[in-house]
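Peer 1: build me a model from this:
(one chain, ligands or ions: 3)
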Amino acid sequence: MTNRLNIAMAQLNQRVGDLAGNAGKMLEWRAKATDADLIVFPEQQLIGYPAEDLVLKPAFAARAAVELSKLAAATADGGPAMLVGSIFLDDGALYNGIALLDGGQIAAVRYKHELPNYGTFDEKRIFAAGPMPEPVLFKGVRIGVPICEDGWLAPVSLHLKERGAELLISTNGSPYEIDKDDRRLEEVFAARVRETGLPLMFLNRVGGQDELVFDGSSFVLNADGAAAHRLPDWEEHLRMTHWTRGDDGWQCADGPKALWEDHPADIYSAMVTGLRDYVNTNGFPGVVLGMSGGIDSAICAAIAADALGPDRVWCVMLPSRYTSQSSLDDAAQCAEMIGCRIDTIPIAPAVMAFDDMLSGSFSDRDVDITEENIQSRIRGVTLMALSNKFGHMLLTTGNKSEMSVGYATIYGDMAGGYNPIKDAYKMTVFAISEWRNAHKPRIGLGRDGPVIPGNIITKPPSAELRPDQKDSDSLPDYPVLDKMLHALVEEERSVDEVVAQGFDRDTVVRIERLLYLAEYKRRQAPPGVKLGTRNFGRDRRYPITNAFRSGR
Ligand SMILES: Nc1ncnc2c1ncn2[C@@H]1O[C@H](COP(=O)(O)OP(=O)(O)OC[C@H]2O[C@@H]([n+]3cccc(C(=O)O)c3)[C@H](O)[C@@H]2O)[C@@H](O)[C@H]1O
Ligand SMILES: Nc1ncnc2c1ncn2[C@@H]1O[C@H](COP(=O)(O)OP(=O)(O)OP(=O)(O)O)[C@@H](O)[C@H]1O
Ligand SMILES: NC(=O)CC[C@H](N)C(=O)O
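Peer 2: Ligands and ions are numbered 1, 2, ... in the order given. Just a heads-up that it's a prediction; the model follows:
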């Protein structure tokens, strides 16, 4: 039995499916934590979280077992023991679990009891729930290891306390959502400390995995509820924590307390993190995007420059006969401010070729939205040709307001691989543009100073697909539209409830109809960074074919 423990917290990124890579990285970080008795890694650090249905492939679970044995063998060197999250096939059932690796062996294994099955989580579909976990014994100390959701609810921690746990170490794969960092510390895990009277370590992963981003923001709370450590958000970080046992139990010595980003800096960092990891992990040399002189493409280019560096961002202006001189000037100035390449490829020759090709088929039809959308699709084809030829991934730039009501052209401006602003309403796009002009993000690789010309932020949004077109011709002004959408999407309000908030009934009925009709477009849209509690794709899963309208 010991009265002192040094526990290292490894707030790491992960690569889903790269078991050997994740294992190698854990050993690298362990080698840096020389004074540690124990080094702790986030939930499912070995396989990457969330690995989704990949865990159901028997060969994957078998490989995880092999890699875990190798890691266990590596602890025969007398260095720090390791707490490693992985998957475990046990008597035909698959568990999300954690292993204590010590003295060259797998010294203990515990399974997750509470499986989250809401929002983005589907763990009941892929895992069996473990029994109530007992504490693990390490150097004579009984440590409770609630795995993520186990710590979000009271029963597991209470059980661990009852079974003699002396401190709690919670390993997490807790995705970013607006304000979630403070909620984890001040509400959820502070409650576990109050209920059990035990000190608690909360360790979370960082980095992006498809639509999810993880902010880290790990911490240690002492039994009196005071924070002893706060690790930085959005960065990998190794933190040594020093614990002593006194008459009142275990106490963690005070350490550095990082400040976590406020609004809207956190949203911007989430977008940078999600895009950076998506592009780098999937091996693209950079990104290409259509730069129209509008705010959506401008902020996407700025985010990409902060994610990848300006030299990996390639903007292309694709003017048509409706593109104004001010759009050409704004696009050029924006690229110059960001410090990235911009080329100009006029689309008129392709537009004329399509007019010609289709003139026979369309001879008895008026010109309508068909011709407008052909311009957008020509841009999509051109940008995808650049992507094919040079390897850069095409960014899509539709914000959540547009994606909500289908204000985008399928196979046109919706063509692409990833959308950094997919979960940001238009008013959020304005807010982060203002913010980025006044601040360089801490994790950003872009330039200091403003990156978006003021005119792009102040001019009325327009798709420029026909003369003098404005978004407000088809949609309510964005401050109004966004409030309605917030009520309909994020809060799942009915038309009557939204009308009661002071909005015009006909408009709300129309917006709800557009929202439901556009489901088919969203189902074919690229993934993008989740910011809120109700993103399109993982959180909000509506039927495409859907006759329900709440306003009739
Ligand atoms: N339920 C369903 N399941 C599967 N497919 C369905 C469908 N309903 C329609 N469709 C298909 O979708 C087609 C209509 O969708 P789509 O072709 O997108 O055309 P549509 O939605 O009619 O038009 C695009 C809209 O996006 C606006 N916009 C805003 C900003 C930028 C841009 C831009 O392009 O840069 C565009 C543009 O002004 C216009 O209002 C139909 O012709 C039909 O083929
Ligand atoms: N002239 C253009 N050149 C290059 N890309 C374009 C052009 N027009 C549209 N696009 C692409 O299509 C996307 C959708 O156009 P849209 O007008 O909705 O967005 P925006 O111009 O960036 O912003 P805003 O809605 O504020 O005008 C743009 O973000 C851009 O990627
Ligand atoms: N991986 C998990 O169990 C995460 C669930 C947890 N409630 C969260 O949102 O962070």
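
Peer 1: I'd like the distance between the residue nearest to Gln501 when sequence neighbours are not counted and ligand 1.
Peer 2: Of all residues not flanking Gln501 in the chain, Ala487 sits nearest, at 6.3 Å (Cβ to Cβ, 6 or more residues apart in numbering). C-beta: built from backbone N, CA, C; applies to glycine. Distance of Ala487 to ligand 1, given as Cβ to the nearest ligand atom, to the nearest Å: 23 Å.

Peer 1: which of the helices or strands spans the closest residue to ligand 1 within the stretch 301-450 of the chain?
Peer 2: Per Cβ to the nearest ligand atom, Ser376 is where the stretch 301-450 of the chain lies closest to ligand 1, at 2.9 Å. Per DSSP states H and E, Ser376 falls inside helix 369-390.

Peer 1: who's in contact with that helix?
Peer 2: Defining contact as Cβ atoms under 8 Å, 6 or more residues apart in numbering, one finds that helix 369-390 is touched by 285, 288-290, 314, 316, 318, 320, 322, 345, 347, 350-351, 354-355, 362, 392-394, 409, 411-417, 463, 465-466.

Peer 1: in PyMOL, how would I select just the buried ones from these?
Peer 2: Buried residues within these, by 16 or more other Cβ atoms under 10 Å, are selected in PyMOL with:
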select buried, resi 288+289+290+314+316+318+320+322+345+347+350+351+354+392+393+394+409+412+413+414+415+416+417+463+465+466
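
Peer 1: take the contacts of helix 369-390 and keep only those in helices.
Peer 2: Counting by DSSP state H, the contacts of helix 369-390 place Ala350, Val351, Phe354, Asp355 in helices.

Peer 1: which two of the residues you listed have the greatest separation?
Peer 2: Greatest spatial distance in these: Ala350 and Asp355, 9.8 Å, computed using Cβ to Cβ.

Peer 1: on that earlier part again, for ligand 3, state which of the ones in helices among the contacts of helix 369-390 is nearest.
Peer 2: Ala350 (46.5 Å).

Peer 1: show me where the stretch 51-200 of the chain has helices.
Peer 2: 58-74, 123-126, 149-152, 154-162, 180-182, 190-196 (DSSP state H, counting those that start in this stretch).

Peer 1: contact partners for the residue nearest to Gln501?
Peer 2: Neighbours of Ala487 in contact, by Cβ under 8 Å, 6+ apart: Arg493, Glu497, Val498, Gln501.

Peer 1: which of these tops the neighbour count?
Peer 2: Scoring the contacts of Ala487 on neighbours with other Cβ atoms under 10 Å, the highest-scoring entry is Val498 at 26 neighbours.

Peer 1: residues in contact with whichever strand or helix holds that residue?
Peer 2: Using DSSP H and E, Val498 maps to helix 495-500. Identification of contacts with helix 495-500 by Cβ under 8 Å, 6+ apart yields Met484, Ala487, Leu488, Arg505, Val508, Val509, Glu512, Arg549, Ser550, Gly551.

Peer 1: three-state assignment of the fifth one?
Peer 2: State at Val508, reduced to three classes by DSSP: H, G, I helix; E, B strand; the rest coil: helix.

Peer 1: what sits against Leu137?
Peer 2: With Cβ under 8 Å, 6+ apart, Leu137 has these contacts: Ala108, Ile143.

Peer 1: that one and Val220: what is the separation?
Peer 2: 21 Å (Cβ to Cβ, to the nearest Å).

Peer 1: so who does the residue of the stretch 101-250 of the chain found nearest ligand 2 touch?
Peer 2: Per Cβ to the nearest ligand atom, Glu211 is where the stretch 101-250 of the chain lies closest to ligand 2, at 19.9 Å. Listed by Cβ under 8 Å, 6+ apart, the contact set of Glu211 reads Thr120, Gly274, Pro527, Gly528, Val529, Lys530, Asn535, Gly537, Arg538.

Peer 1: go on, Leu394?
Peer 2: Contacts of Leu394 (Cβ under 8 Å, 6+ apart): Val287, Val288, Leu289, Leu383, Met384, Leu386, Ser387, Ala415, Gly416, Gly417.

Peer 1: and the worst-scoring helix or strand of the chain on mean pLDDT, C-alpha only, in CSV?
Peer 2: Within the chain, confidence by mean pLDDT, DSSP states H and E is lowest for helix 471-474 among all helices and strands, at a mean of 88. Taking Å, rounded to 0.1, in the frame of the first residue of the first chain, the C-alpha atoms of helix 471-474 are listed here in CSV:
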residue,chain,number,x,y,z
ASP,A,471,-31.2,35.7,-50.4
SER,A,472,-34.0,37.8,-48.8
ASP,A,473,-36.0,37.4,-52.1
SER,A,474,-36.7,33.8,-51.2
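
Peer 1: buried sites along that helix?
Peer 2: The neighbour-count check on helix 471-474 (16+ other Cβ under 10 Å) flags Asp471 as buried.

Peer 1: just the residues contacting it, thanks.
Peer 2: Tyr407, Pro460, Pro461, Ser462, Ala463, Tyr478.

Peer 1: what values do phi and psi take at the last one?
Peer 2: Put plainly, it is Tyr478. The phi/psi pair for Tyr478 (degrees, to the nearest 10) reads phi -60, psi -40.

Peer 1: nearest spatial neighbour of it, skipping sequence neighbours?
Peer 2: Nearest one to Tyr478, counting by Cβ to Cβ, 6+ apart, is Lys426 at 4.3 Å.

Peer 1: residues near the one you found, how many?
Peer 2: Residues near Lys426, counting by other Cβ under 10 Å: 25.

Peer 1: and the pLDDT at it?
Peer 2: If you check Lys426, the pLDDT there is 98.

Peer 1: ramachandran angles for the residue lying farthest from the centre of the chain?
Peer 2: In the chain, the residue that sits farthest from the middle, by Cα atoms, centre = their mean, is Asp364; the gap is 48.5 Å. Main-chain dihedrals, Asp364, degrees, to the nearest 10: phi -100, psi 20.

Peer 1: so who does it touch?
Peer 2: Counting by Cβ under 8 Å, 6+ apart, Asp364 makes contact with nothing.

Peer 1: mind checking how far it is from Asp179?
Peer 2: According to Cβ to Cβ, Asp364 and Asp179 sit 57 Å apart.

Peer 1: next: Ile299.
Peer 2: For Ile299, the distance to Asp179 - Cβ to Cβ - is 21 Å.

Peer 1: what is the burial count for Phe88?
Peer 2: 22.

Peer 1: same check, this time on Ala99
Peer 2: When neighbours are counted by other Cβ under 10 Å, Ala99 registers 24.

Peer 1: swap in the one 5 residues further on?
Peer 2: Counted with other Cβ under 10 Å, the neighbours of Gly104 add up to 13.

Peer 1: same deal with Asp224?
Peer 2: 12.

Peer 1: residues of the protein that sit close to ligand 3?
Peer 2: Glu43, Pro116, Cys148, Glu149, Trp152, Gly173, Ser174 (Cβ under 6 Å from any ligand atom).

Peer 1: now render those as JSON lines, adding distance to ligand 2 and pLDDT.
Peer 2: What follows is the residues of the chain next to ligand 3, written out as JSON lines (distance: Cβ to the nearest ligand atom, whole Å; pLDDT from 0 to 100):
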{"residue": "Glu43", "distance to ligand 2": "36", "pLDDT": "98"}
{"residue": "Pro116", "distance to ligand 2": "35", "pLDDT": "98"}
{"residue": "Cys148", "distance to ligand 2": "37", "pLDDT": "98"}
{"residue": "Glu149", "distance to ligand 2": "38", "pLDDT": "98"}
{"residue": "Trp152", "distance to ligand 2": "38", "pLDDT": "98"}
{"residue": "Gly173", "distance to ligand 2": "32", "pLDDT": "98"}
{"residue": "Ser174", "distance to ligand 2": "32", "pLDDT": "98"}
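
Peer 1: which of these count as buried?
Peer 2: Neighbour counting with 16+ other Cβ under 10 Å marks Glu43, Pro116, Cys148, Glu149, Trp152, Gly173, Ser174 as buried within those.

Peer 1: can you read off the backbone torsions of the residue nearest to the first one when sequence neighbours are not counted?
Peer 2: What sits nearest to Glu43 in space, not counting adjacent residues and going by Cβ to Cβ, 6+ apart, is Gly173, at 3.9 Å. Gly173 has phi and psi values of phi -120, psi 80 when expressed as degrees, to the nearest 10.
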